[in-house]
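S.K.: pasting the structure only:
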Ligand SMILES: Nc1ncnc2c1ncn2[C@@H]1O[C@H](COP(=O)(O)O)[C@@H](O)[C@H]1O
Ligand SMILES: Nc1ncnc2c1ncn2[C@@H]1O[C@H](COP(=O)(O)O)[C@@H](O)[C@H]1O
Ligand SMILES: Nc1ncnc2c1ncn2[C@@H]1O[C@H](COP(=O)(O)O)[C@@H](O)[C@H]1O
Ligand code: NA
Ligand code: NA
Ligand code: NA
């Protein structure tokens, strides 16, 4: 590989579609420069959530950022959303090029 | 991070949409408490599968669970589905909060 | 697990929908035997890209392959697309069964 | 004889209860709801073009008060009789103080099928009654001194999909008038009933999924889901008569009062009162009140309207 | 002159073969198939409302036997002549013993364009013939002593999307009758042909994708895809005449017999007989039989029906 | 009086500018664009069936030259006055040398509402003018000696969605003729205006999103987005008069000339000239030229056409 590659954290949040805008707004305020969102359906502690019907639709939000940032976001999610919303969040390590982007 | 974080396995299965319900049912019977499903298209050994047409649609099923559970699920997939269905399955490690959830 | 499991690389590319066919074609020419594509929306350096409108739609392309292959693909992406297209690419390690498939 | 669009609803209900694999594409459901809102708005706007707007203002004030009153009453009932906690009572009450577009569309269709005239401002009532209950619900849950993000909320409610579509299409109908609308009536008026039928098929499927919650939460929810619309109907009836509406107009106002929101309010409450359980309020509004209004309510409300407002026609 | 809806099919076929970028949204395809099933069911149910239901029962028995017979014949041919293995022969045979809604819709349109009357129970035949072949196919592949999940399967077949929509809309048509349906005819009857045209455009695109498989699997598939519907047509013709149907009704029964499933059966077989290759059976049913019936079959079957059943009209 | 479909566009524009949550499902937008292209093509093909095709060939040659000339002029202006770099100038110029289906559809609707006749080959002009500008744009950006993937490009342009749908439906309209089309006119002709209204609502929402770019890139883009269509209109007017078209036909050709692509060209340029910034060209073509043509252009162009080509009618 010719470009410098580095390790970053990939935070994935699966949660209620109703939260999408709120979370993106929160993330931006915490220094996140980009993110990717896709639609999903699922089931978990808060029951079956299948995308056909607004109230029960899920989204999957992914953010690549520095490790400290991912941890801060996880912490924020836990404080404000874990108790009241259908939500699952997890972190992985990924290799990226152009590390200054994230 | 204020909450206990732990390592879990993330099993991803990409397969024919026709299998979705069957697999979710199998998984539930094997102690899986939650999962996330999204639509996908793709190509592989069994040809091109693009979502526009029912028979050739793919889904992507994700399950976060303990390592033993992920291995048991992989084993089950291999025994019952690998030979006859378009299917790819892989496992990653992820950091989660609320580990007792999975 | 009864079958041989092995480590492979999972390359994920998030980029403009307009590039989907071109990239799949490039990848095939580089020995990639399969891939999975799904629709996504997102925001990044090149602005907001939400799937409703063709020009601003994103896709998420995933390829499981050997490590060298993933690095070669990353290199190719960097040379030809990073400068002019909205694009993020990252690599993870995953455990697969049937390693000869990838 | 039961209307054919209601048969589609029952069909969806049965198919869902029998766990059929029937599922309509999400985009179709969304398209139909956009279509119904536009059609209702255009028709309302076209009607408004023929009358003075100023005399409407006191009417709008009255229906806003009506929505607020319903929310407060529902809250008291849920707290006192249902022993709901504050958040759940406030959230559910907001559903009942607001309105259901689908119920209104079925009522419009019911009147049209029977050639019963009504005032065009009913569509304005629909738009106006959607919002106040949301605000009242939030105040009930949080009090007014808390740091609610009112700006965000105002945006969500006033620029939400439903209100935007209703107000926009009313403006179009009003500006274009009957002649201007003529070219698009083939789509927006003549396809209305067929679109409503398809929409209600999907509504039936959705409603059937909320029966599970009902089984868990026992009789109170069922009782509330029937008693509350009846109570609201009486308030609506009184208001309609006081406003001097025709029997058709009174029927529509009663339907609005008796109906409970299942789109705009749940979405707003999810963000503003997250600790409320959305399954609870939706089971009542979608699982009980919506079918009750469709099957029993609308004909009943019309009979009441004719009985009490018949002379003013 | 070729019907305009068939021109749309040919257009799709050509566009697909030329690898055009033309692609219809998946939700549109799904919506159109829901729409066509509802329209067919409503029309059938409306017709049934005008006649006694009891005399239909023996007819239903006959068409079920017809489907079973076709499946067995197809299985023998595929095993003996095509040298298919058991699973593939059983799966493909089930496709041919079942029916294709799209082919039926084109035939309905063909008759309507020519103002040829037919019995309304044809829509019931459509619903009834979809399922038995699936069960026969599974027994052929597995035997009956194996531990097939019959409960699951019964659910999939009887409560599948197609059957649910057909039976539900037939019930609605039957309950509502001609007057009750009047308000929604603007959508379900008058838009039928246009919707069918769009649907066939997508079918053309889909069919063209199956030509690749045909090139690989040589002449046998092509021959079978043409011979089997012709054989089935003769069985259907005999049955139709024996049942005393009108020429229009015989035509529809022949079309049902000659058509091969490409939605319900592939989905069921994928789960019940996973070792069968779905590309093979779809290439035959979609790639050959479907276009053959559209372009050659329907007019031919009608000519046969008139020739042999003309007097009974 | 402003057409009702244009009111829908303004509504979308306002809703977008006010940051309403209104959003139409992507599948609906795609469906409507397929529908409009098919309807335009069918109507064009139906008209062509009534006239000799050979005399059209020189007309087609002229409109191709028209598109090429516009692209070259736009390129010079963007380079000289706008100081655009080569890639951005070439890409933007290609947008203006090509055409906008939505603008054409609104013009068709405008003429139909006023019962103004026009030549049916206008739909052929639409199909033919979509492509040449793309090729010219690429040559301007790259020169002709570079190793562009012409095969790939030819495929993208000639077998793109829009051109496939237009040519295919024109062929169907031509083959079926007025009688053959009769059964599907209920869908493709009578729903045209309603579908256009919905489509323009979405276009309004989309256009509003491009205003941001305009604010950044200052006055030149706005000026160019208005001046270029006016210049193109004059070229189109001259061509139309030279071809001896009726005032209605001249209007449509002027609209085609003045309109700028926002689907086919951006997609092709993204791949062929990746270093061009798509936000820039779309802000001009969608953000300025499209609304300008809708609100001011079409009536103006028609007045010009009547003034200069009125006698030849
Ligand atoms: N174990 C799991 N594996 C993967 N996804 C999960 C899991 N549990 C929950 N989810 C997803 O996260 C959403 C919210 O989960 P919950 O808060 O448990 O209801 C569900 O709707 C699923 O889409
Ligand atoms: N190498 C790969 N990388 C990513 N996804 C793959 C790969 N191979 C197959 N897939 C996905 O898995 C599905 C089934 O694969 P297969 O069984 O090889 O046909 C395909 O349709 C793709 O969506
Ligand atoms: N930090 C990030 N985390 C996750 N996805 C991102 C991130 N940055 C960009 N993306 C995705 O990659 C696409 C292209 O990014 P960009 O080239 O930065 O515009 C965006 O539209 C997002 O979908
Ligand atoms: Na209410
Ligand atoms: Na058959
Ligand atoms: Na132009």
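M.R.: Received it, and whenever you're ready, just let me know what you need. Keep in mind it's a predicted model, so treat the numbers as computed, not measured. Ligands and ions are numbered 1, 2, ... in the order given.
S.K.: residues contacting residue 95?
M.R.: All of this is about chain A. Residue A:95 makes contact with A:5-8, C:90-92 under the criterion C-beta atoms under 8 Å, 6 or more residues apart in numbering or on different chains. No exception for glycine: its C-beta is placed from N, CA and C like everyone else's.
S.K.: if you could check chain D rather than the one you did, that'd help
M.R.: D:133, D:260-262, D:265-266, D:269, D:281-282, D:284-285.
S.K.: Determine which two of these are furthest apart.
M.R.: Using C-beta to C-beta, the two most remote members of the contacts of residue D:95 are D:133 and D:282, lying 15.2 Å apart.
S.K.: With neighbour numbers in mind, choose between the two.
M.R.: residue D:133 (29 against 26; other C-beta atoms under 10 Å in any protein chain shown).
S.K.: Let me see the confidence value for residue 25.
M.R.: Picking chain A for this. On pLDDT, residue A:25 comes in at 93.
S.K.: Correction: the question concerned chain D.
M.R.: 92.
S.K.: Any residues of chain D in contact with chain F? List them.
M.R.: D:25-27, D:30-31, D:34-35, D:38, D:155-156, D:159-161, D:164-165, D:168-169, D:171-172, D:175-176, D:180-181, D:183-184, D:186-188, D:191 (C-beta under 8 Å from any C-beta of the partner chain).
S.K.: What subset of these is buried?
M.R.: D:25-27, D:30-31, D:34-35, D:38, D:156, D:159-161, D:164-165, D:168-169, D:171-172, D:175-176, D:180-181, D:183-184, D:186-188, D:191 (16 or more other C-beta atoms under 10 Å in any protein chain shown).
S.K.: How about residue D:118, nearest residue that isn't a chain neighbour?
M.R.: Counting by C-beta to C-beta, 6 or more residues apart in numbering or on different chains, residue D:248 is the residue found nearest to residue D:118 once chain neighbours are left out, at 3.2 Å.
S.K.: Quickly find the element holding whichever residue of the stretch 51-200 of chain D sits closest to chain E.
M.R.: The nearest approach of the stretch 51-200 of chain D to chain E comes at residue D:194, 2.3 Å away (C-beta to the nearest C-beta). Here residue D:194 sits within helix D:192-209, counting by DSSP states H and E.
S.K.: same thing with residue A:60?
M.R.: Going by DSSP H and E, residue A:60 is part of strand A:58-65.
S.K.: Check which element follows that strand along the chain.
M.R.: Defined by DSSP H and E, the subsequent element after strand A:58-65 is helix A:67-80.
S.K.: List the buried residues for that next one?
M.R.: Applying 16+ other C-beta under 10 Å to helix A:67-80 flags A:69-74, A:77-78 as buried.
S.K.: from the buried ones among the residues of chain D next to chain F, which are also near chain C?
M.R.: Within these, nothing lies near chain C by C-beta under 8 Å from any C-beta.
S.K.: Tell me which other helices or strands the helix or strand bottoming out on mean pLDDT in chain D touches.
M.R.: The least trusted helix or strand in chain D, going by mean pLDDT, DSSP states H and E, turns out to be helix D:150-158, with a mean of 76. If you count contacts as 3 or more C-beta pairs under 8 Å, 6 or more residues apart in numbering or on different chains; DSSP states H and E, helix D:150-158 packs onto helix D:132-142, helix D:264-272.
S.K.: what's the closest of the ones you listed to chain C?
M.R.: helix D:264-272 (18.5 Å).
S.K.: The helix or strand that comes right after the closest one close to chain A?
M.R.: Counting by DSSP H and E, the next helix or strand C-terminal to helix D:264-272 is helix D:278-282. Yes - Helix D:278-282 comes into contact with chain A (C-beta under 8 Å from any C-beta), by way of D:278-279, D:282.
S.K.: need the next SSE after helix D:278-282, C-terminal direction.
M.R.: Following helix D:278-282 in sequence, per DSSP H and E, is helix D:290-292.
S.K.: Residues contacting that next one from elsewhere in the structure, which ones?
M.R.: Contacts to helix D:290-292, defined as C-beta under 8 Å, 6+ apart, come from residues D:9, D:13, D:100, D:102-103, D:203, D:207, D:225-226, D:229, D:259-260, D:262.
S.K.: who's in contact with residue 21?
M.R.: Just going to use chain A. Contacts of residue A:21 (C-beta under 8 Å, 6+ apart): none.
S.K.: let's do chain D instead
M.R.: E:156, E:159-161, E:164.
S.K.: Looking at those, which is nearest chain C?
M.R.: Relative to chain C, and with distances defined as C-beta to the nearest C-beta, the nearest of the contacts of residue D:21 is residue E:161, at 23.6 Å.
S.K.: Hmm, residue D:138 is touching residue D:270, no?
M.R.: No - counting by C-beta atoms under 8 Å, residue D:138 stays clear of residue D:270, with 11.9 Å between them.
S.K.: between these two, who's got more neighbours?
M.R.: residue D:138 (24 against 20).
S.K.: Next one: the closest residue to the more buried one other than its chain neighbours from residue A:97, what distance?
M.R.: Nearest residue to residue D:138, sequence neighbours excluded (C-beta to C-beta, 6+ apart): residue D:272, at 4.8 Å. Using C-beta to C-beta, to the nearest Å, residue D:272 is found at 42 Å from residue A:97.
S.K.: what's the burial count for the closest residue to ligand 2 within chain A?
M.R.: Nearest to ligand 2, among the residues of chain A, is residue A:38, at 15.1 Å (C-beta to the nearest ligand atom). For residue A:38, the count of nearby residues is 23 (other C-beta under 10 Å).
S.K.: got the contact list for it?
M.R.: A:59-60, B:38, C:38-41, C:60 are the contacts of residue A:38 under C-beta under 8 Å, 6+ apart.
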